[in-house]
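> Build me a model from this:
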Amino acid sequence: MSGATIAVYSVKGGVGKTTFAANLAWCSARISRHKTLLWDLDAAGGSGFLYGLESKGAKQAGEVFAHDRTSNERAAMRLIQKTACERVDLLPADESIRALDARLVAIGKRRRLAKLAQALGQQYPRIVLDCPPVISELSAQIVRAADLVIVPLPPSPLSSRAFDLVVREIAASTRRHPPLLPVLSMVDMRRTLHRDVREQHPDWPCVPYASALEQCAVQHRPVGEFAPQSPAARAFAQLWGAIEKKLAERKSG
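This next block holds a predicted model:
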């Protein structure tokens, strides 16, 4: 099928957003065999860290948005790095991302990121965006660029409320927003509260709390690389299947 941009977005940190992005990029490459770009738009640079990579240049990530579309695409291609995982490339973040909101507002181009993603999509059938946990002009541009938004949510009684907040914020960013897929993150079925939340949302995909996922930051590899039979790896594979189904439904619709 044609290319697609998948954003992993949350209005708060600590929900596993970067772990989701890094592992879903791997699933795209390994399971669907797509050449995949993992684009880190969070100044913390977590996606690069999980793949054992750092930005090669100081404060260059923001320059990807500084000029016309052709120049931006060239700037992006200069920064993209190959990872150790076949078919996964990384466009890393750095501190310049922190000033990106002001730059985007000054430029006044509401779809600059969308057009750049479209151009990069000529080489990458799947682009996975690791988004900053803030509501900003950058997050609004991400929503306009995405074909699907993945929303990791903690297994809390407030999960529905947190998802509703994301829905409202995204709806405020664009008149026609992409489909949203809520996913329960870090679920420990030994805990009564987590089981209750899981029962309240049986249709939401679920990723377990697992030591294997914590090891991603130690191993600098996605969980499927070093623990392919683990519950966490299987959960991400199932989630990727749900994502591809959503994208296919959107294309056919």
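
> Give me the spatial nearest neighbour of residue 227, chain neighbours excluded.
residue 212 (4.4 Å; Cβ to Cβ, 6 or more residues apart in numbering). Every residue, glycine included, has its C-beta placed from N, CA and C.

> got the contact list for that neighbour?
For residue 212, the contacting residues are 223, 226, 227, 230, 231, 232, 233, by Cβ atoms under 8 Å, 6 or more residues apart in numbering.

> Try it again at 6 Å.
Residues near residue 212 by Cβ atoms under 6 Å, 6 or more residues apart in numbering: 223, 227, 230, 232.

> so which of the residues you listed comes closest to residue 164?
Using Cβ to Cβ, residue 232 comes nearest to residue 164 of the contacts of residue 212, at 27.3 Å.

> Settle this for me: that closest one is touching residue 214, isn't it.
No: with contact defined as Cβ atoms under 6 Å, residue 232 does not count as touching residue 214 (9.6 Å).

> For those two, indicate the residue with more neighbours.
The residue with more neighbours, out of residue 232 and residue 214, is residue 232; 23 against 13, by other Cβ atoms under 10 Å.

> out of everything not next to it in sequence, what's closest to the more buried one?
That would be residue 210: by Cβ to Cβ, 6+ apart, it lies 4.1 Å from residue 232.

> For residue 248, see how far away that neighbour is.
In this view, residue 210 and residue 248 are 28 Å apart by Cβ to Cβ, to the nearest Å.

> Residue 125 too?
Between residue 125 and residue 248 the computed distance is 13 Å (Cβ to Cβ).

> So for the residue nearest to residue 232, what's the pLDDT?
According to the prediction, residue 210 has pLDDT 95.

> next SSE after the host helix or strand of residue 214?
Applying DSSP states H and E as the criterion places residue 214 in helix 211-219. Going down the chain from helix 211-219, the next helix or strand is helix 223-226, by DSSP H and E.

> Verify the contact between residue 23 and residue 236 for me.
Yes: using Cβ under 6 Å, residue 23 is in contact with residue 236, at 4.7 Å.
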